[in-house]
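Asks: From the sequence below, what's the structure:
(one chain, ligands or ions: 1)
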Amino acid sequence: MEIKNEYLAGLMERVIKRNPNEPEFHQAVFEVLESLVGVAEAHPEYIERGVFESIVEPERIIKFRVPWVDDSGKVQINRGYRIQFNSAIGPYKGGLRFHPSVYEGIIKFLGFEQIFKNSLTGLPIGGGKGGSDFNPKGKSDMEVMRFCQSFMTELSKHIGADTDVPAGDIGVGGREIGFLFGQYKRLRNENVGVLTGKGLNYGGSLVRTEATGYGLCYYAEAMLNDHGSSFNGKTVCISGSGNVAIYACEKATQLGAKVVTMSDSNGYIVDENGIDLDLVKQLKEVERKRISEYVKFHPEAKYHEGCKGVWNVKCDIALPCATQNELAEDAAKTLIENGVMAVCEGANMPSTPEAIAQFQSNGVLFGPAKATNAGGVATSALEMCQNSGRHPWTFEAVDAELKSIMENIYKNSCEAAKKYGMEGNLVAGANIAGFLKVADAMMAQGIV
Ligand code: NDP
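Replies: Take a look at the predicted model:
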């Protein structure tokens, strides 16, 4: 695959040279630049003023040691990151990921995507991301607390309610956000909205827990409605069984669909009667167990080792909600052979470029992560509003705002794709709509 514009193709080469051994970042940049060929042709001023060059270079990369003591008294050392990618339209905003696979390239890809996603929400938030190669799995609550306190001891020097506001991501849920928030407050003596995804009794927003999964389904429903269809009566396959997967399952079910799969990194379950979500919540959110436990309570359901097989299950709609590059070309072909009509991404960059090409060339409706999972960060921005105003909103008010934001993202992506000659291409539409707002703000603020 190549970018059909000399300047952008050259820029892509420079990105690869300047960021060696970071394939996820290269993949994310390629997808955006490929979509921006028409924009570069229509707006030579962006090239003259170095906007494309600037947008692929983080404003700041912070990398630090995180020392902590485990339950046996042994010192452990992890690596922490925060990449403040772009603040043209608002304070940096984006989650923290705690997972052993985290390295600079993963945080860079996520931070880069976050710029466009945040712009698409229509809210004033810039792009950033952070995390650590710490693995919370199998750690005691006290070990997680000590790690979070050490991580925040350094991070607190670089963030603030009007500077950079982190949230959760893989491996960072309510427990971790609580420990991080407690340490920030202790170090700075400030009770401010410096993190989102907080508990409801200390500044959190209703609907934030549900937001990414619900938002994904609101976007998907808008897309399906636009094509004379809906979730109602459809069979849905979901991968993952974390925050995004659980609330995608809840909303898809509320909208009349039957969800038949969920997974974790070890394997997947198939329940043809429809997933028992109360059980999944108990196993994953409360007991922190593996998804394989599900079949102990539902012997009629099946557990299969290996997470990739989840895409072999026949469905109308697929919602990948686990991790990057979890849905490759072969899986896309199988889904298509099995008659899938729509794929919407809950995770960040879960489909490989080859898988996306399969969907797009076979008439499958395809909603890209930047657009479809923006409901999480949008609701985080609503949490920031509530924290600044010191006034919590009702569940209904936040949910209605989330739904309207997701419907607008779908509409704006469609319009942007059409305007630049790529009608129906929601990947290009999201990239273009997200880019234009940031690019114009960068132009207005000068070379900074
Ligand atoms: P969680 O940690 O709550 O859940 C992650 C899920 O994905 C788990 O089921 C996990 O299984 C599975 N998973 C993680 N890594 C892998 C892997 N390498 N292979 C297979 N399965 C894996 O995270 P979230 O639900 O919050 O995040 C899921 C995705 O959604 C990520 O891509 C994240 O960036 C994205 N996202 C999240 C948002 C949010 O608000 N939380 C907002 C926007 C995007 P296991 O337990 O075995 O690791």
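Asks: mind listing the strands for the stretch 301-448 of the chain?
Replies: Taking DSSP state E, counting those that start in this stretch, the strands of the stretch 301-448 of the chain run over residues 302-305, 317-320, 342-344, 365-367.
Asks: Between the ones you listed, which one is closest to Glu53.
Replies: Closest approach to Glu53 among the strands of the stretch 301-448 of the chain is made by strand 365-367 (29.2 Å; CB to CB). No exception for glycine: its C-beta is placed from N, CA and C like everyone else's.
Asks: The closest one and the ligand, any residue contact?
Replies: No. Contact of strand 365-367 with the ligand (CB under 6 Å from any ligand atom) is absent, the minimum separation being 13.2 Å.
Asks: Now do the contacts for Ile47.
Replies: Listed by CB atoms under 8 Å, 6 or more residues apart in numbering, the contact partners of Ile47 are 7, 40.
Asks: And it, how close does it get to Glu6?
Replies: To Glu6, Ile47 is 11 Å away according to CB to CB, to the nearest Å.
Asks: next one: Gly171
Replies: 41 Å.
Asks: out of these two, which sits in the more crowded spot?
Replies: Gly171 (21 against 9; other CB atoms under 10 Å).
Asks: if I look at the more buried one, how far off is the ligand?
Replies: Per CB to the nearest ligand atom, to the nearest Å, Gly171 is found 5 Å from the ligand.
Asks: Bridged to the closest residue to that residue other than its chain neighbours, which residues?
Replies: Leaving aside its chain neighbours, Gly171 sits nearest to Phe98 (3.5 Å; criterion: CB to CB, 6 or more residues apart in numbering). In this entry, Phe98 is beta-bridged to Ser132, by DSSP bridges.
Asks: Give me the number of neighbouring residues for Phe98.
Replies: Neighbour number of Phe98 under other CB under 10 Å is 27.
Asks: and what of Glu53?
Replies: Applying other CB under 10 Å, we find 14 residues neighbouring Glu53.
Asks: With Gly240 instead?
Replies: 30.
Asks: same deal with the one 5 residues further on?
Replies: Residues lying near Ala245 (other CB under 10 Å) number 30.
Asks: Likewise for Glu423?
Replies: 12.
Asks: Quick check: it touching Ala417?
Replies: Yes. Assessed by CB atoms under 8 Å, Glu423 is found in contact with Ala417 at 5.8 Å.
Asks: So what's the gap between the helix ranked longest in the chain and the chain middle?
Replies: Longest helix in the chain by number of residues, with DSSP state H as the criterion: helix 395-419. The chain centre lies 16 Å from the centre of helix 395-419; the measure is CA atoms, centre = their mean, to the nearest Å.
Asks: which residues touch that helix?
Replies: Identification of contacts with helix 395-419 by CB under 8 Å, 6+ apart yields 120-123, 205-208, 211, 214-215, 218-219, 222-223, 226, 367, 371, 374-375, 378-379, 382, 423-426, 428-430, 432-433, 436.
Asks: I'd like to know which of these are buried.
Replies: For these, a burial check counting by 16 or more other CB atoms under 10 Å picks out 120-123, 205-208, 211, 214-215, 218-219, 222-223, 367, 371, 374-375, 378-379, 382, 425-426, 428-430, 432-433, 436.
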